[in-house]
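give me the fold of what follows.
(one chain, ligands or ions: 2)
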Amino acid sequence: MAGGRGARLGAAEPKAFVALGGASLLEHALQRALGAPEVSHVIIVAPASHLREAGVVASRSARPADVDVVAGGAERTDSVAAGLRALRPDDGIVLVHDAARCLAPSSLFTRLVHEVRSGHPAVVPGLPVADTIKQVDAHGVVVATPDRAGLRAVQTPQAFLREVLEHAHAAGVVATDDAALVEAAGGHVRVVEGERMAFKVTTPDDLATAQRHLDDA
Ligand SMILES: Nc1ccn([C@@H]2O[C@H](COP(=O)(O)OP(=O)(O)OP(=O)(O)O)[C@@H](O)[C@H]2O)c(=O)n1
Ligand SMILES: C[C@](O)(CO)[C@H](O)COP(=O)(O)O
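Ligands and ions are numbered 1, 2, ... in the order given. Below is the predicted model:
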């Protein structure tokens, strides 16, 4: 998923095309996705304004024949739906991944595919939360303090049996991740251990953190 603008990053170009250590966020994410032998096909969902740039990224990748490019939509859910429409007939397991989580390692893709193949139709990576989380009302007044032990901050890639994800999207609901659509459709979603390196580049501070990780590697 590379179809967002990246308003919170505040760069001149869409976030996926921002440079990080000599490559764009999209190139980093694509390289790691294609590095998983289980990944046979990648669909880059790009802003309509950047289809040509995304095509160049695809053509310069390790496996250009396995990479397609389509235009995204207004919301992330719309962009995922556009990607689903571009699946190839043989695509049986779908991993939905944010270009913004550009350093998520290939091993995470592999692990999630194996989880789905072992019988779990919807699997997402997540990490325990370090802070106490408060649920607040519109005025900022606390209405609940959920038990932290039962909370996870979920990441991407999120992995699904194709028919499960397509069914969830068919309802036309908008959500901040794809697992929520499966939950809304009554499906079971399993959370497995996430990866620190799968953090999302949202703000300039996150971009600096990603750069430090690359410098240390
Ligand atoms: N209409 C959209 C919105 C988001 N995304 C993608 O979904 C991922 C996660 O979204 P986020 O990090 O929030 O990116 P933006 O929506 O671009 O950021 P912002 O909310 O700051 O504008 C990103 O890789 C982004 O490119 C997308 O494909 N299509
Ligand atoms: C899909 C996601 O990365 C899971 O944590 C997240 O929900 C994306 O949210 P955003 O507001 O589009 O960054």
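
report the contact partners of the residue nearest to T145 when sequence neighbours are not counted.
Leaving aside its sequence neighbours, T145 sits nearest to K134 (C-beta to C-beta, 6 or more residues apart in numbering; 5.7 Å). Quick note: C-beta positions are derived from backbone N, CA and C, even for glycine. Contacts for K134 (C-beta atoms under 8 Å, 6 or more residues apart in numbering) come out as V142, A144, T145.

which positions in this structure make contact with ligand 1?
1-8, 15-16, 45, 72-76, 79, 98-100, 200, 202 (C-beta under 6 Å from any ligand atom).

which parts of the protein are helices?
All helices of the chain, identified by DSSP state H, fall at 25-34, 51-59, 76-85, 106-117, 162-170, 178-184, 204-216.

tabulate these (a markdown table), appending distance to D68.
Formatted as a markdown table, the helices of the chain follow (distance: least, C-beta to C-beta, whole Å):
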| stretch | distance to D68 |
| --- | --- |
| helix 25-34 | 12 |
| helix 51-59 | 7 |
| helix 76-85 | 9 |
| helix 106-117 | 17 |
| helix 162-170 | 16 |
| helix 178-184 | 19 |
| helix 204-216 | 26 |
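
which strand in this protein runs the most residues?
Longest strand in the chain, counting residues (DSSP state E): strand 122-128.

quick check: P64 touching A58?
Yes: counting by C-beta atoms under 8 Å, P64 does reach A58; the two are 5.8 Å apart.

ok, these two, which is more surrounded?
Neighbour comparison, P64 and A58: the larger count goes to A58, with 21 against 12 (by other C-beta atoms under 10 Å).

just want the residue of the protein that's nearest ligand 1.
G4 (2.1 Å; C-beta to the nearest ligand atom).

now the phi/psi pair for that residue, please.
Backbone torsions for G4, taken as degrees, to the nearest 10, come to phi -90, psi 170.

residues contacting V174?
Contacts here follow C-beta under 8 Å, 6+ apart; on that basis V174 touches E75, T77, D78.

confidence score at it?
pLDDT recorded at V174 is 91.

ok, it to T145 distance?
Per C-beta to C-beta, to the nearest Å, V174 is found 28 Å from T145.

next: A82.
Counting by C-beta to C-beta - A82 and T145 are separated by 39 Å.

which intervals of this protein have sub-threshold pLDDT?
Along the chain, no part satisfies pLDDT under 70.

run a quick neighbour tally on the closest residue in space to A171 that isn't next to it in sequence.
By the measure of C-beta to C-beta, 6+ apart, the closest residue to A171 outside its immediate chain neighbours is A185, 5.9 Å from it. A count of neighbours around A185, defined by other C-beta under 10 Å, yields 16.

what do you get for S118?
Neighbours around S118, by other C-beta under 10 Å: 8.

mind pulling up the phi and psi values for it?
phi -90, psi 10.

many thanks, I have nothing further to ask.
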